[in-house]
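1. Prediction below, plus the sequence it came from.
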Amino acid sequence: MSVGVIKRSFVIFGSALGIAFSVQAQTQTLAPVFIGIDEAYSIKTNTAPRAIERGVQAAIAEINARGGVLGGRPLQLLTTDNQGLPARGRDNLIDLAAKPGLIAVLTGKFSPVTVEMVPEANR
């Protein structure tokens, strides 16, 4: 191997490394976009929360692998436990809505909880 080939290899390697660090630094400085899930996680017989969460996590991973949203911002999931109680669901929604960067909140299978959240969601 000649000295010229070695120098070019180092230049190419250094450039690639610089680009990789630049991309990593850029994605780390962008604030995440949040999606919330408010579900009855603490009800042990309720399998819906974990199923919904797994589906959302799979979608988030796919979207983030493609570069994220809104100019490269990564999606991140926030979860809250309403314990199947409508008032707790409403309070959780209020707390989630106060989070900067939150764009959506998913709810679960307990419609009384979701119905209690609607006035707050509209506000």
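-> Received the coordinates, thanks.

2. Show me what the helix or strand containing residue 63 is packed against.
-> Assigned by DSSP states H and E, residue 63 belongs to helix 48-65. Contact here means 3 or more C-beta pairs under 8 Å, 6 or more residues apart in numbering; DSSP states H and E; on that basis helix 48-65 packs against strand 33-39, strand 75-81. (Glycine included, C-beta is placed from N, CA and C.)

3. Repeat the analysis, applying 6 Å as the threshold.
-> If you count contacts as 3 or more C-beta pairs under 6 Å, 6 or more residues apart in numbering; DSSP states H and E, helix 48-65 packs onto strand 75-81.

4. Can you list the buried residues in the strand it packs on?
-> Buried residues in strand 75-81, defined by neighbour count with 16 or more other C-beta atoms under 10 Å: 75, 76, 78, 79, 80, 81.

5. and the residue nearest to the spatial centre of the chain, what is it in contact with?
-> Centroid-nearest residue in the chain, with C-alpha atoms, centre = their mean: residue 76, separated by 1.5 Å. Applying C-beta atoms under 6 Å, 6 or more residues apart in numbering, we find residue 76 in contact with 32, 34.

6. Report the separation between it and residue 119.
-> Going from residue 76 to residue 119 by C-beta to C-beta, to the nearest Å gives 27 Å.

7. Residue 89 touches residue 113, doesn't it?
-> Yes - between residue 89 and residue 113 a contact is recorded at 3.8 Å, counting by C-beta atoms under 6 Å.
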